[in-house]
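J.: A structural model of the following input is requested.
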Amino acid sequence: MEVVLAFIYDLSGNVLLAQRPLGKSYGGLWEFPGGKIEDSETPEQATVRELAEELDILVVPTTVHPSYEFVNDKGTNIRFFPVTCEWNGGRITLNEHQSAAFVPIENVETWSLAPPDYDALKYLKLTKQLRDFTYLRIEHYSGHPEVKAAAEILIGHVASGKSRLRDRRSWTSAARKLVASLWMREGDMFRFGTKKDYFSAGKRQQVWLTKKTLFLFNAMVELEWVVKAYDAIPPKYSKKQQGGVTAIYSRRKPFTDLMVSLTKDDIEVDSEIELVELRNDEGVLLPLPAKYLTSDSYLQTIDVLKRHFNLLINNHISKDGSSSSSSKVDNLFLKYQRKWTGTTGIGGRYYSAFVNLPKEERLAITINGQPVGSWDFSQLHPTLLLLIQHGVGVEPNMFSTGDIYSMPEYPDIPRSGHKAFINTIFNAKSKDAAARSIATARTWYDLFDDCWVVKTYKKNERRDGEPVWPEKPLTAARRYIDDFLFRHPAFQNVAYKELWGQLQLLDSTIMEEAMDRCTKEGIPVLPVHDELVCPVGSKDAVQQILIDSFHAVTQGKFSSHTPKMTWSGK
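T.: Numbers count the residues shown, from 1 in each chain. Model prediction:
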């Protein structure tokens, strides 16, 4: 007999367990849902069928792990096939099981599992590890002799059998960047895609995804400096709706043995990384317009970013609070870029690896041994809209609660959900477009962040959680919009104006002004959209700089208004 068992995850990475019915073997114990493989079925087909029958959910199998055998309590030899799946729709209905629960992977062993399922845990843990592997980014460089020597070996391998290699200088630069970036990895495992489309000029999403990089990486594989460990990661952890997107590779000893005396101090951030990027809606890099490259705005941004980065790398910024040189964060972690979408007049926020950290990790760093906190503008976008429309930063109406994102008529929706819906009303091109987006909203409880999450979806995105509007969602979404504009009539003239880009341009320009002023004062700060992380000792100075920057960017038009800010940290 052959049986499948499925690993199905929620958005927090918890795995689904189902409790077996009483009266059957192992009744009352918990299992990974699945069932018997019928004649002529593949494990993938059986998984799809069984989960539809048992739980009324649709799944897309993505990885079939190695099978194992188990002799059950009746003496039957059963072969089990663990299958990692992506949830593709449906709501859990207990057609056979007593109960079901999403459980953190590290806690699964503490549940009373059916005996056959214990052998599947090693593959479950492997799946969790795959989630944590990050992409190899080619963003470092080194002129260290060992890096130079390794780069020459790579180039020689690529050039083998060729009469000559054109543009030797750029090959040398690309090879040194690849070697330095691979060496800087904290762990040996990483993701990397070798599909040629990723490296074509019209489709690349990173400046370093060049054909030279692809040739050099393949040379590393052939030299066995890296080896492919897994063909693909589960799409649960990718942005694609179906199928894995990149293979997972492992850095090997023949490569690390080449680097005997190399240290982090010998590695620098690639100086050719652009400080300003422009992408289309699909994330493909576009050339910056010639007119923008000569504008005062561009030159100011470049000047601020260069001085800001120089200040940061000359201060001791640590993730663990230690003052040792080894605890200092990688300089690349502190390098900010201004990113535009579609045009250089829309958006323009600042991003770095630091921005991607959860807030608790951002506030856990130290700067020169000092703890940090952050100032965060409160309701900045709605406040700007009120100021522009009415000249005051508060709602001039009898229903105002002091919170623009307050909707007491909908107590079951968390504030984060109201914020998402209300920003959709501002940013949509029409009421119908806003309603169609809000109607897609689904909600779930995130056990890791200990909060409710509300998310709206694009047409073809895979959806998780429970619908916010279980009945007549489009009608409910339209009613929500009407209720918002009734309670907050001051926003009637700015609804459906596609204002997100202009608002982000304003908040990013305010943040650039604050970065500039802090840098001139010698205060190391780390922007996160409309939030600024700073040493606690500079708390008051940074608050005043943010206020002054707000008025400078708005040209003193709202001088009687003091923007509200909240402090997080010590």
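J.: which regions of the stretch 201-350 of the chain lie under the pLDDT threshold?
T.: 231-245 (pLDDT under 70).
J.: can you check the pLDDT for the closest residue to Glu38 other than its chain neighbours?
T.: Closest residue in space to Glu38, ignoring its immediate chain neighbours: Ala46 at 6.5 Å, by CB to CB, 6 or more residues apart in numbering. Yep, even glycine has a C-beta here, placed from its N, CA and C like the rest. pLDDT, Ala46: 94.
J.: how about Ala46, what does it touch?
T.: 4, 34-38 (CB atoms under 8 Å, 6 or more residues apart in numbering).
J.: convert the C-alpha atoms of the helix or strand that it is a member of to CSV, please.
T.: Assigned by DSSP states H and E, Ala46 falls within helix 43-55. Provided in CSV are the C-alpha atoms of helix 43-55 (Å, rounded to 0.1, in the frame of the first residue of the first chain):
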residue,chain,number,x,y,z
PRO,A,43,1.6,11.0,-5.4
GLU,A,44,0.8,14.5,-6.6
GLN,A,45,-2.6,13.5,-8.0
ALA,A,46,-3.4,11.5,-4.9
THR,A,47,-2.6,14.5,-2.7
VAL,A,48,-4.9,16.8,-4.6
ARG,A,49,-7.7,14.3,-4.5
GLU,A,50,-7.4,13.3,-0.9
LEU,A,51,-7.3,16.8,0.5
ALA,A,52,-10.3,17.9,-1.6
GLU,A,53,-12.2,14.8,-0.3
GLU,A,54,-11.1,15.1,3.4
LEU,A,55,-10.9,18.8,3.9
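J.: show me what the biggest helix by length in the chain is packed against.
T.: Across the chain, the longest stretch assigned as helix under DSSP state H is helix 500-520. Using 3 or more CB pairs under 8 Å, 6 or more residues apart in numbering; DSSP states H and E, the elements in contact with helix 500-520 are helix 296-313, strand 337-341, strand 343-351, helix 380-390, helix 415-427, strand 526-528, strand 531-535, helix 539-553.
J.: recalculate using a threshold of 6 Å.
T.: helix 296-313, strand 343-351, helix 380-390, helix 539-553 (3 or more CB pairs under 6 Å, 6 or more residues apart in numbering; DSSP states H and E).
J.: give me the contacts around the first one.
T.: Outside of helix 296-313, the residues within contact range by CB atoms under 6 Å, 6 or more residues apart in numbering are 275, 292, 331, 334-336, 338, 512, 515-516, 519, 524.
J.: in the helix holding Ala46, what counts as buried?
T.: 43-44, 46-51, 54-55 (16 or more other CB atoms under 10 Å).
J.: want to try a markdown table for the residues you listed, with distance to Gly27 as columns?
T.: Formatted as a markdown table, the buried residues of helix 43-55 follow (distance: CB to CB, whole Å):
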| residue | distance to Gly27 |
| --- | --- |
| Pro43 | 25 |
| Glu44 | 28 |
| Ala46 | 22 |
| Thr47 | 23 |
| Val48 | 26 |
| Arg49 | 23 |
| Glu50 | 18 |
| Leu51 | 20 |
| Glu54 | 15 |
| Leu55 | 18 |
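J.: which one of those is nearest to Thr62?
T.: Ranked by distance to Thr62 (CB to CB), the buried residues of helix 43-55 are led by Glu44 at 8.9 Å.
J.: can you tell me how far that closest one is from Thr246?
T.: 21 Å (CB to CB, to the nearest Å).
J.: okay, now Lys177: neighbour count?
T.: By other CB atoms under 10 Å, 24 other residues sit near Lys177.
J.: check Glu513 too.
T.: Around Glu513 there are 20 residues (other CB under 10 Å).
J.: dump the residue contacts of the closest residue to it other than its chain neighbours.
T.: On the basis of CB to CB, 6+ apart, the spatially nearest residue to Glu513 that is not a chain neighbour turns out to be Ser549, at 3.9 Å. Ser549 makes contact with 510, 513-514 under the criterion CB under 6 Å, 6+ apart.
J.: next one, pLDDT for Ser549 please.
T.: The per-residue pLDDT reported for Ser549 equals 97.
J.: how much space separates it from Ile8?
T.: 47 Å.
J.: kindly report the same for Trp340.
T.: 38 Å.
J.: okay, those two: which has more neighbours?
T.: Just comparing Trp340 and Ile8: by other CB under 10 Å the higher neighbour count belongs to Ile8, 26 against 22.
J.: measure the more buried one to Pro33 for me?
T.: Going from Ile8 to Pro33 by CB to CB gives 7 Å.
J.: again with Val276
T.: Counting by CB to CB - Val276 and Pro33 are separated by 49 Å.
J.: also Tyr480?
T.: 35 Å.
J.: now swap in Gln543 and tell me
T.: On the measure of CB to CB, Gln543 and Pro33 end up 53 Å apart.
J.: and for Met189?
T.: 29 Å.
J.: ditto for Leu506
T.: 49 Å.
J.: pull the contacting residues for Thr366.
T.: Thr366 neighbours (CB under 6 Å, 6+ apart): 318, 321.
J.: look up the residues forming beta bridges with it.
T.: Ser318, Pro371 (DSSP bridges).
J.: contacts only, for Val372.
T.: Val372 touches 365, 533, 535, counting by CB under 6 Å, 6+ apart.
J.: tell me the pLDDT of it.
T.: Looking at Val372, its pLDDT reads 96.
J.: count the neighbours of Thr63 for me.
T.: So Thr63, with other CB under 10 Å, has 23 neighbours.
J.: hmm, I was thinking of Thr344
T.: 21.
J.: cool, the one 10 residues further on as well?
T.: The tally of other residues near Phe354 (other CB under 10 Å) stands at 20.
J.: tell me the phi and psi of it?
T.: Dihedral angles phi and psi of Phe354 (degrees, to the nearest 10) take the values phi -60, psi -40.
J.: I'd say it and Val525 touch.
T.: No - between Phe354 and Val525 there is no contact under CB atoms under 6 Å: 10.9 Å.
J.: overlap in contacts, these two.
T.: Joint contacts of Phe354 and Val525 (CB under 6 Å, 6+ apart) do not exist.
J.: following the helix or strand of the chain with the lowest mean pLDDT, which helix or strand comes up?
T.: The helix or strand of the chain with the poorest confidence is helix 121-132; it has a mean of 72 (mean pLDDT, DSSP states H and E). Next along the chain after helix 121-132, taking DSSP H and E as the criterion, comes strand 140-141.
J.: residues contacting the helix or strand following that following strand, please?
T.: Per DSSP H and E, the first helix or strand lying C-terminal to strand 140-141 is helix 145-159. With contact meaning CB under 6 Å, 6+ apart, helix 145-159 is reached by 165, 171, 175-176, 179-180, 215-216, 219, 258-259, 262.
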